[in-house]
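[1] Sequence first, then the predicted structure:
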Amino acid sequence: MTNCAVGADGALKDASEIQWFNDADDDTPITPPPAKDSLAVLMQGGRQPASIKGGTRRSSRPFKPSARLRAADNTSPELSSGTRPRKRALSSADDAPIKKVDIRAAPKEDDLDDNLIPPIADGDDSSADDSEYTNNLGNEAEEADDTEEAYQKTKSLGDADRQRLNPDTGTPEDGWWCNICKDAGLPAHQSFFKGSISTRRTHISRNLKCHFPVYKSRCEAQDIALNEHAIPASV
């Protein structure tokens, strides 16, 4: 292949006249390109090149459906694009909502761990705690009884100052006792009154010598002004 590009006259050959090889060790040259381009061959065969419309290549030959498309149209004509039924919507206003139910499998008896409940240690006796708890309950009950008893005593003392038993009916009557008259030994109808605070002030004003001095001294000790209805008219 030495000087394969040089002709007999010493001039360089044309590229079409040179034998080309892929490698220097190859014995077979590369097949030369055809003398005419594919467009010229297509024009000689009476075929028209594909037309280009809108930037895309479009063939001028009429469309011919394949055997697969023809078989599909013959076997299921009702599923054509014009007669294909629509799928039903997944949700409908008439359908009732589906409630979610959480289904969990119950654990098997073999899967239960016996160690979940701690065993009672030997020597762990809760009788002492129970006894202490019982004693505390007993003490609380006794304290409640003592409190109730003290309340009843205090209440009875207050009721004694505000009530008396009717000698005719034996039923308690609400009112107030005048301790000065009661200590003086006056009968109940003269020392027990059913009126309000105005009755007490009137009772003080009517007893100038024994009631008013006590009332005045107690008001002065507490720095309280005397009520005009409790002051006797002669003062």
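    Good, I have the coordinates.

[2] Next, the contact list for the nearest residue to N227 once chain neighbours are set aside, please.
    Among residues not flanking N227 along the chain, R201 sits closest, at 5.8 Å (C-beta to C-beta, 6 or more residues apart in numbering). Where C-beta positions appear, they are placed from N, C-alpha and C, glycine not excepted. Taking C-beta atoms under 8 Å, 6 or more residues apart in numbering as the contact definition, R201 lies against N227, H229, A230.

[3] So which of those residues wins on neighbours?
    When neighbours are counted by other C-beta atoms under 10 Å, A230 leads those with 19 neighbours.

[4] List the ones among the contacts of R201 that fall in strands.
    In strands, judged by DSSP state E, none of those are found.

[5] any chance of the residues you listed in a markdown table, plus distance to D23 and pLDDT?
    Formatted as a markdown table, those follow (distance: C-beta to C-beta, whole Å; pLDDT from 0 to 100):
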| residue | distance to D23 | pLDDT |
| --- | --- | --- |
| N227 | 141 | 92 |
| H229 | 144 | 90 |
| A230 | 145 | 90 |
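
[6] average model confidence for the host helix or strand of the residue nearest to N227?
    R201 belongs to helix 197-205 when assigned by DSSP states H and E. Helix 197-205 shows a mean pLDDT of 88.

[7] Only alpha carbons, please: show that helix as CSV.
    The C-alpha trace of helix 197-205 is given here as CSV (Å, rounded to 0.1, in the frame of the first residue of the first chain):
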residue,chain,number,x,y,z
ILE,A,197,-82.9,43.6,117.1
SER,A,198,-85.3,46.5,117.4
THR,A,199,-87.1,44.7,120.2
ARG,A,200,-83.8,44.2,122.0
ARG,A,201,-83.0,47.9,121.8
THR,A,202,-86.4,48.8,123.0
HIS,A,203,-86.0,46.4,125.9
ILE,A,204,-82.7,48.1,126.8
SER,A,205,-84.2,51.6,126.7
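
[8] change the start of the numbering to 812 and stick with it
    Fine by me, first position is 812 from now on; the one you just mentioned is helix 1008-1016.

[9] Could I get the buried residue list for it?
    R1011, R1012, H1014, I1015, S1016 (16 or more other C-beta atoms under 10 Å).

[10] Repeat that for stretch 986-996.
    Buried residues in stretch 986-996, defined by neighbour count with 16+ other C-beta under 10 Å: W987, W988, C989, I991, C992.

[11] First-to-last residue distance for that stretch?
    18 Å (C-alpha to C-alpha, to the nearest Å).

[12] Next: stretch 1024-1040.
    End-to-end span of stretch 1024-1040 (C-alpha to C-alpha): 15 Å.

[13] In the chain, where is pLDDT below threshold?
    Counting by pLDDT under 70, the chain contains low-confidence residues at 812-813, 843-871, 884-942, 944, 946, 949, 961-981.

[14] can you give me the helices in it?
    Secondary structure of the chain by DSSP state H: the helices cover 849-855, 878-886, 938-973, 990-994, 999-1002, 1008-1016, 1023-1032.

[15] can you pull the buried residues of the last one?
    For helix 1023-1032, burial by neighbour count (16+ other C-beta under 10 Å) applies to F1023, Y1026.

[16] before we move on, the earlier item: S1028: which of the contacts of R1012 is nearest?
    A1041 (12.9 Å; C-beta to C-beta).

[17] what's near enough to touch the closest one?
    With contact set as C-beta under 8 Å, 6+ apart, A1041 has these partners: R1011, R1012, I1015, S1016, F1023, Y1026.
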